[in-house]
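[1] just a sequence and a predicted model for now, questions to come.
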Amino acid sequence: AQSVTQPDIHITVSEGASLELRCNYSYGATPYLFWYVQSPGQGLQLLLKYFSGDTLVQGIKGFEAEFKRSQSSFNLRKPSVHWSDAAEYFCAVGLYGNKLVFGAGTILRVKS
Amino acid sequence: EADIYQTPRYLVIGTGKKITLECSQTMGHDKMYWYQQDPGMELHLIHYSYGVNSTEKGDLSSESTVSRIRTEHFPLTLESARPSHTSQYLCASSPETGLNTEAFFGQGTRLTVV
């Protein structure tokens, strides 16, 4: 069965520091991969998506993610974190019919 | 910006009450979804619809029901709420075309059954 694992429940980084959020997936076919962000009291907003082609994808708010098929990973990165990036981040794999299978999420805390 | 709306945002209700969570989108999307999200847990798909008069159960079993009488509207109903239904419910929609399209999410309804 398809699954998404986000190993880190919480991550705390200092403002201005770099960030990497891990995501591993289990899926038999070519995956369609997404990263969403959820701020407190808000719905999910799409940060970026990967379908094919260049394995390094750029998203909004300065985020990027790299698809590594050999590692079944799709880690999210940002070179310099801002306090406004504090939120919960969800990795997801897309299935037929635009259904999504989500990871459990990683809560990002940013300390000044 | 996505135009998908959920009401109410927060709801506290007693056990045994019937409730309906509303979800509307103005984007003309055929596909709509309901996800359930417990704190610290994955979002789980509980219902989806591919168009008017189409509804299917998702991966996570749910006692709720849904209807899709109009394209823009996808309400979720609990006939008799129980404390185990306490959760956040997120509605989403996506365009018809292709697998590689994103889902747009509403802000969610946080339901507490006491």
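    Nice, I can see it. Numbers count the residues shown, from 1 in each chain, chains lettered A, B, ... in the order given.
[2] which residues does the residue nearest to A:Ser73 when sequence neighbours are not counted contact?
    Residue nearest to A:Ser73 in three dimensions, not counting chain neighbours: A:Asn24, with 5.3 Å by CB to CB, 6 or more residues apart in numbering or on different chains. For every residue, glycine as well, the C-beta is placed using N, CA and C. With contacts defined as CB atoms under 8 Å, 6 or more residues apart in numbering or on different chains, the neighbours of A:Asn24 are A:Val4, A:Thr5, A:Pro7, A:Gln71, A:Ser72, A:Ser73, A:Phe74.
[3] one more: A:Thr12?
    Residues in contact with A:Thr12 (CB under 8 Å, 6+ apart) are A:Leu108, A:Arg109, A:Val110, A:Lys111.
[4] separation between it and A:Leu19?
    Separation of A:Thr12 from A:Leu19 (CB to CB, to the nearest Å): 10 Å.
[5] list residues touching both of those two?
    Residues within reach of A:Thr12 and of A:Leu19 at once, by CB under 8 Å, 6+ apart, are A:Leu108.
[6] where does the chain dip in pLDDT?
    Just going to use chain A. Along chain A, the model assigns pLDDT under 70 to residues A:97-98.
[7] switch to chain B, please.
    Along chain B, the model assigns pLDDT under 70 to residues B:1-2, B:96-101.
[8] re the thing from before, which of the contacts of A:Thr12 fall within strands?
    A:Leu108, A:Arg109, A:Val110, A:Lys111 (DSSP state E).
[9] which of these are buried? Put it as a PyMOL command.
    Selecting only the buried entries of the ones in strands among the contacts of A:Thr12 in PyMOL, with 16 or more other CB atoms under 10 Å in any protein chain shown as the criterion:
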select buried, chain A and resi 108+110
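[10] ok, stretch A:76-92 near chain B or not?
    Yes - using CB under 8 Å from any CB of the partner chain, stretch A:76-92 reaches chain B at A:Phe90.
[11] and that stretch, which residues are buried?
    Buried, per 16+ other CB under 10 Å, within stretch A:76-92: A:Leu76, A:Lys78, A:Val81, A:Asp85, A:Ala86, A:Ala87, A:Glu88, A:Tyr89, A:Phe90, A:Cys91, A:Ala92.
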